[in-house]
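>>> Return a 3D structure for these sequence lines:
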Amino acid sequence: MSDRARSARRTPVSALVSSLPIEPLLAQPGADPLEVMHRAAAQPQTRLIGVVDDSGVLIGVVPILRLAEAVIARISPETLLADIADLADAARFGHVVESRFIRDVMVRTAAVRPTATADEAFRLMHERHLSGLYVVDDAGRPTGYLDLLELTLAYVEALEADRSGSSGSADTTAVD
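Below is the predicted model of the structure:
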């Protein structure tokens, strides 16, 4: 692996967030999924909604697909019925249909600290099948949002620059 590629993987999340500014999209646990869907549509670059408690601490996340399923299940449940193939799908459908609040659709928190590396952030997104992550402070409050597509693009650009003959050194970062 080249020095530039190694450096891209070690780039701190804080550098990526500051160069790829996407505002976090946050909701309270008691928020209505349809209202949150309207807010998400106005901010399409954020593909993962953060759920925060009254003190602003991240307590869960809602992937856009999961939010869409919750809204569709309330309006047109038969649309989702066609995809039920086994008992696990039936149980998931039952949960989605019963979802009345964001807390009903959220999944466990997905976040990194600003000191985490791009590699660590990518691995967490990959492991959890998420298209984004929240960057949180020491108290667990969101300070930024990191998107999978932009994280991947920053990494690929560093690799392409390395392949095109740019000088790569260990102190060069993937993001300028």
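>>> what's the pLDDT at the residue nearest to the spatial centre of the chain?
With distances taken as Cα atoms, centre = their mean, the residue of the chain nearest its centroid is G132 (1.9 Å). For G132, the pLDDT comes out at 92.
>>> what's the answer for R108, then?
93.
>>> quick check: mean pLDDT across the strand or helix carrying A15?
According to DSSP states H and E, A15 maps onto helix 13-19. Per-residue pLDDT over helix 13-19 has a mean of 79.
>>> Please apply the same query to stretch 30-47.
92.
>>> With stretch 71-89 instead?
62.
>>> pretty sure the residue nearest to the centre of the chain is in contact with R47, am I right?
Yes: counting by Cβ atoms under 8 Å, G132 does reach R47; the two are 5.0 Å apart. Backbone N, C-alpha and C define where each C-beta goes, glycine included.
>>> what is in contact with these two at once?
Counting by Cβ atoms under 8 Å, 6 or more residues apart in numbering, the contacts common to G132 and R47 are 147-148.
>>> and R108, how many neighbours?
Residues near R108, counting by other Cβ atoms under 10 Å, number 8.
>>> burial count for A41?
Using other Cβ under 10 Å, A41 has 9 other residues around it.
>>> Please apply the same query to P63.
The number of residues packed near P63 is 20, by other Cβ under 10 Å.
>>> Can you give the strand pairings for the following helix or strand past the helix holding A15, parallel or anti for each?
Downstream of helix 13-19, the next assigned helix or strand under DSSP H and E is strand 26-27. According to DSSP bridges, strand 26-27 has the following sheet partners: strand 48-52 (parallel).
>>> got the CA positions of the longest helix along the chain in CSV?
Secondary structure of the chain per DSSP state H: the longest helix is helix 148-163. Below are the C-alpha coordinates for helix 148-163, written out as CSV (Å, rounded to 0.1, in the frame of the first residue of the first chain):
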residue,chain,number,x,y,z
LEU,A,148,-20.3,7.0,3.1
LEU,A,149,-20.2,8.2,-0.4
GLU,A,150,-18.1,11.2,0.4
LEU,A,151,-15.8,9.2,2.7
THR,A,152,-15.3,6.7,-0.2
LEU,A,153,-14.8,9.5,-2.7
ALA,A,154,-12.1,11.1,-0.5
TYR,A,155,-10.3,7.7,-0.2
VAL,A,156,-10.6,7.0,-4.0
GLU,A,157,-9.3,10.4,-4.9
ALA,A,158,-6.2,9.8,-2.8
LEU,A,159,-5.6,6.5,-4.5
GLU,A,160,-6.1,8.0,-7.9
ALA,A,161,-3.7,10.8,-7.2
ASP,A,162,-1.2,8.2,-6.0
ARG,A,163,-1.7,6.2,-9.2
